[in-house]
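Undergrad: model the structure of this input:
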Amino acid sequence: MARQKSASSNDTRKQLITTTFECVENKPWSLVTMTDIAASAGVSLTDCLREFPNKSSVLSGLSRDVDAAVLKGFEDDGDDSESRKDQLFDVLMCRLDALAPYKSGLAKIVPEILSDPLESVRRAIRLHCSMALMLEAVGITSSGWRGVVKIKGLSLIYANGLRVWFGDDSTDMSATMAAIDRGLTKAEQLVKICDSCDVPKSSGPTA
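TA: Modelled structure (predicted):
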């Protein structure tokens with residue numbers, strides 16, 4: 001019985017996320033209410049709020065689902081022989097593939113989020129968590145101050161790739177791939193420069 005209830009809850013959760021983005025096709029994100037989402041999904045407002053207390057939590061739920069999908073896919077199909085840069089390229093493109101069903105709605109939501117300081121902060125925090133997971137997935141530590149720098153760098157690369165992706169209607173996403181590849185190449189070069197500038201700490205006089 002518990003397993004059946006869990007499956008039902010998961011179905012409701014996915015339906016609410018999908019319906020949220022359908023609602024955005026008909027009205028601005030700022031005007032979409034949780035009542036709209038519940039009614040469109042065909043669930044009670046109580047059940048809707050049990051899954052997602054507000055619209056921001058719906059976006060966070062989608063982000064967590066994408067994280068899980070990318071990590072699962074990388075565990076199953078990841079190629080350890082690839083360079084870290086190529087692996088990061090793969091995980092970022094996998095994120096966009098997972099977001100593809102929501103692309104139209106996201107293109108409408110993102111500009112509104114950027115104009116809302118509080119929601120922008122929430123999304124930035126969520127993105128930070130996601131990018132930390134992407135780094136860890138390919139074996140790059142995200143801890144310490146160096147980890148923070150890496151997370152911020154990858155977040156900027158991904159955000160720029162997302163911006164290009166919204167306007168990229170090609171079947172092979174060539175413009176998007178090129179933008180992400182350029183960003184990762186520059187980051188790789190910067191890391192090499194920083195590493196070459198690291199000076200080993202002296203252990204004291206040698207003579």
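Undergrad: from here on, contacts and neighbour counts on C-alpha atoms
TA: Will do.
Undergrad: packing partners of the host helix or strand of I180?
TA: I180 is part of helix 174-197 when elements are defined by DSSP states H and E. Secondary structure elements in contact with helix 174-197, counted by 3 or more C-alpha pairs under 8 Å, 6 or more residues apart in numbering; DSSP states H and E, are helix 84-99, helix 144-166.
Undergrad: now do the contacts for G139.
TA: Residues counted as contacts of G139 (C-alpha atoms under 8 Å, 6 or more residues apart in numbering): none.
Undergrad: would you mind measuring from it to I151?
TA: Using C-alpha to C-alpha, to the nearest Å, we find G139 at a distance of 13 Å from I151.
Undergrad: the helix holding I180: which residues count as buried?
TA: Buried residues in helix 174-197, defined by neighbour count with 16 or more other C-alpha atoms under 10 Å: 175-177, 179-181, 183-184, 187.
Undergrad: repeat that for stretch 104-111.
TA: By neighbour count on 16+ other C-alpha under 10 Å, the buried set for stretch 104-111 is 105-109.
Undergrad: please compute how far that stretch lies from its chain's middle.
TA: 14 Å (C-alpha atoms, centre = their mean, to the nearest Å).
Undergrad: just the buried residues of stretch 104-111: which are in helices?
TA: Per DSSP state H, helices hold the following members of those: 105-109.
Undergrad: in this protein, what spans have low per-residue confidence?
TA: Across the chain, the ranges flagged by pLDDT under 70 are 1-8, 77-79, 191-207.
Undergrad: what secondary structure does L135 sit in?
TA: Judged by DSSP: H, G, I helix; E, B strand; the rest coil, the three-state class of L135 is helix.
Undergrad: check contacts around it.
TA: Shown in contact with L135 (C-alpha under 8 Å, 6+ apart): 88, 141-142, 151.
Undergrad: now I109
TA: Counted by C-alpha under 8 Å, 6+ apart, I109 has contacts 24, 28-29.
Undergrad: of those, buried ones?
TA: 24, 29.
Undergrad: now render the contacts of I109 as CSV, adding distance to A132 and secondary structure.
TA: Below are these laid out as CSV (distance: C-alpha to C-alpha, whole Å; DSSP: H, G, I helix; E, B strand; the rest coil):
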residue, distance to A132, secondary structure
V24, 29, helix
P28, 31, coil
W29, 28, helix
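Undergrad: would TSV of the contacts of I109 with distance to T18 be doable?
TA: Shown next, in TSV, are these (distance: C-alpha to C-alpha, whole Å):
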residue	distance to T18
V24	10
P28	16
W29	14
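Undergrad: ok, the contacts of I109 vs R95, which is closest?
TA: Set against R95, the nearest of the contacts of I109 by C-alpha to C-alpha is V24 (20.9 Å).
Undergrad: which residue is the nearest non-sequential neighbour of that closest one?
TA: Counting by C-alpha to C-alpha, 6 or more residues apart in numbering, V24 lies nearest to G105, which is 5.8 Å off, once chain neighbours are set aside.
Undergrad: equivalent analysis for V43, please.
TA: Spatial nearest neighbour of V43, chain neighbours left out: T12 (8.0 Å); criterion: C-alpha to C-alpha, 6+ apart.
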